[in-house]
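# take a look and give me a structure for this.
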Amino acid sequence: MTTTGIRVSGRTVEIKRAEKELFPGDGITKADLADYYRRAGRRILPQLRGRPLMLERHPDGIGDGRFMQKDTPDYFPDWIHRAELPKEGGTVGYPVCDDLATLLYLVDQACITPHRWLSKADRPDHPDLLVLDLDPPGEDFESVRWAAARLHELLDELDLPAALMTTGSRGLHVLVPLDHHAPFDDVRAFARDLADLLADRHPDQLTTAARKQARKGRLYLDTQRNAYGQTAVTPYAVRALPGAPVATPLSWSELDDPDLTPQRWTIATIGERLEGDDPWEGELRRGRSLKAAARRLEKL
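Numbers count the residues shown, from 1 in each chain. Next up, the predicted model:
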């Protein structure tokens, strides 16, 4: 088995079993995944720094099971940052990825997809992001595109900025930057009210029903991630699906691109976007208070 050393962040990170195919149908190896995350580092690290993570690990590749890991094992190096946060009945020491060496070490652990908290470790109860997941009933992406446009219009009515991204799976995420003053309970209640209003405006196309049987073919506006300890896929993260699709930030103008799909970019095709302009430049820099938006929402 081959071990490859990569020098980053003042450390040499060893990628063991570098030739191991994590995506057997595509011939994508652990070394290929490490190379992608190294190239994507300047884009993905700002999305990860300071945030507790849940690691989606596939030690034997995507076709042979996975496990989701919240804690930081004792064998992880001391230089990997940890966040000891409360849970019911105790605490969990979550890994935090603050540099490229940590990101590549997680790849060595066969972490294909890091899922991040919507809050940072220093204020875990107060998110700085609100996320709505547009989840289609099947493979109909046109309904997702349409729903994202309607949600963007409503957020404009509330004077809330928002960013858009493909999930690399089936849908889109819409993210609203917050000033991390409101606790999770308030943020989740606002997200639910926002989704309820949008569904009330378009009852034949949209729903907030959590039970699949109650959705009746409508697109689900999922607000469940807006809670303490919940996670969302990290922008620029690779998904554990055939082809290695990447969760990719978009500009709102790209919503009208007829070639847009939730899995449009993969680790083999995203290189040009990584080198080009950041579609989120400035989108998430200034978090907003929900107080004024909640008052506007109540009037609507």
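
# who's in contact with the nearest residue to Gly217 once chain neighbours are set aside?
By the measure of Cβ to Cβ, 6 or more residues apart in numbering, the closest residue to Gly217 outside its immediate chain neighbours is Pro137, 5.1 Å from it. Where you see a C-beta, it was placed from the backbone N, CA and C, and this is true even at glycine. Contacts were defined as Cβ atoms under 8 Å, 6 or more residues apart in numbering; by that measure Pro137 touches 143, 215, 217-220.

# Leu53 too?
The contact partners of Leu53, taken as Cβ under 8 Å, 6+ apart, are 94-97, 114-117, 231.

# my read: Val92 touches Leu85, true?
Yes: using Cβ atoms under 8 Å, Val92 and Leu85 qualify as a contacting pair, with a distance of 5.9 Å.

# follow-up on the earlier one: what's the closest of the contacts of Leu53 to Ala40?
For the contacts of Leu53, the minimum distance to Ala40 (Cβ to Cβ) is 11.5 Å, reached by Pro114.

# that's a helix at that closest one, yeah?
No: in this structure, Pro114 is strand, not part of a helix, as judged by DSSP: H, G, I helix; E, B strand; the rest coil.

# tell me how far it lies from Ala294.
According to Cβ to Cβ, to the nearest Å, Pro114 stands 31 Å off from Ala294.

# do the same with Gly229
As it turns out, when the distance is counted by Cβ to Cβ, Gly229 lies 23 Å from Ala294.

# check contacts around Ile6.
By Cβ under 8 Å, 6+ apart, Ile6 lies in contact with 12-15, 34, 38, 104.

# what's the closest of those residues to Arg285?
The closest of the contacts of Ile6, once distances to Arg285 are taken by Cβ to Cβ, is Arg38, at 25.2 Å.

# show me what secondary structure element comes after the helix or strand encompassing that closest one.
Counting by DSSP states H and E, the element that carries Arg38 is helix 30-39. The C-terminal neighbour of helix 30-39 among helices and strands, as given by DSSP H and E, is helix 41-48.
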